[in-house]
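J.: Generate a structure from the sequence data that follows.
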Amino acid sequence: MAQTIALSNGHLMPIFGLGTWQAKQAQPDQVRLACVEAIKAGYRLIDTAAAYQNENEVGQAVKECIAAGIIKRSDIFITTKCFITTLHPDKVEPALRGSLERLGMDFVDLYLAHMPVAFNPDFTQDPSVSVEMTWKALESVYKKGLTRAIGVSNYSIDQIERVMKIAEVPIHNQQVELHLYFPQFEMASACLKHNISLTSYSTLGNPSRMEYKTPDGRPNPFFEAPADLDDAYVKELAKKYNKSPAQILLRYCIERNIAVIPKSVTPSRVRENFQVFDFKLTADEMGKLRKPAHTIRLYPQDFMKGHPEDFLKHER
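T.: Got it, this is the predicted structure:
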């Protein structure tokens, strides 16, 4: 069984999970099948979001595995996220209840604000909603038992500090872009200071990101960047340990006590990704990996430009 990370409220979060962003691009049933395959392989965390439009399939997979006696509901950790058009305090609870209905569950294990920026239903920016206001709404659904933990995604260090100053319930988890070529050391230190667990997305550098299109068909303006999977030292370690470069990159984050949620809908890849608990990188190897050849963010998040809560405004 995969190791866990203890959240500050005592709940245990698996350090390894299945990500499902971009996992609804081909046949509609592929997400369900990938989740079933992952659970059979030993995964005990599945990460989804209202924006991914696959909560139904995730819920079906969990229900199927429970019915087959593979898991109990208490064995599986489900993370979902509040979309930017439902971050207004009045919309957070209805949004979570909608996610629960699609998942077929009474509660989720972790509910995240997907972004710090609130938008209106017509996708115009709503500058009236601060991260503090959204957090108070998340605290409310937590106190009602609709989720066992609450957190944020794509928040800046400053936004985390602001939320923690007014929080009755502390942030339990922060999910951010984090990988070999974007190691987020300052963010990791800030989260450690507040006992906030950290989850990495795009741990493998998301090589398929340039093929992604928005729901209305527009290509997303992701940055071109050197591929983490092609890093010479990563390949050297893969050869030494008889592992894939992907497994080395995943192990690198796990060694940093950071949760990983690699996405795949290919059964063999789902199983292969999980085979990272039978080896450990040495302190010297971790030290070399902590000094990457490149440092670059993959996602410019241009849709946030001009919003007062744009978490990248100081980088633009």
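
J.: the strands in the protein, which residues?
T.: For the chain, the strands identified by DSSP state E occupy 4-6, 12-14, 18-19, 45-47, 77-82, 110-113, 150-153, 173-177, 197-201, 259-260, in order along the chain.

J.: From residue 234, how far out is residue 241?
T.: In this structure, residue 241 and residue 234 are 11 Å apart, going by CB to CB, to the nearest Å. Every residue, glycine included, has its C-beta placed from N, CA and C.

J.: now residue 112
T.: Following CB to CB, the distance that separates residue 112 from residue 234 is 29 Å.

J.: Could you list the low-confidence segments of the protein?
T.: Flagging of the chain using pLDDT under 70 yields the residue ranges 1-2, 23-28, 208-221, 223.

J.: Just the helices from it, written as ranges.
T.: In the chain, helices defined by DSSP state H lie at 30-41, 55-67, 89-103, 131-143, 157-166, 185-193, 232-241, 245-255, 267-273, 283-289, listed in chain order.

J.: buried set for the longest one?
T.: If I follow you right, that is helix 89-103. Residues of helix 89-103 classed as buried: 89, 91, 92, 93, 95, 96, 99, 100, 102, 103 (neighbour count, 16 or more other CB atoms under 10 Å).

J.: what helices or strands is it leaning on?
T.: Helices and strands touching helix 89-103, as assessed by 3 or more CB pairs under 8 Å, 6 or more residues apart in numbering; DSSP states H and E, comprise helix 55-67, strand 77-82, helix 131-143.

J.: Highest mean neighbour count out of these?
T.: Ranked by mean neighbour count under mean count of other CB atoms under 10 Å, the helices and strands packed on helix 89-103 are led by strand 77-82, which reaches a mean of 27.

J.: Direction included, what does that strand pair up with?
T.: With DSSP bridges as the test, strand 77-82 is paired with strand 45-47 (parallel), strand 110-113 (parallel).

J.: Nearest to residue 274, out of those strands?
T.: Of all the strands paired with strand 77-82, it is strand 45-47 that lies closest to residue 274, at 11.1 Å by CB to CB.
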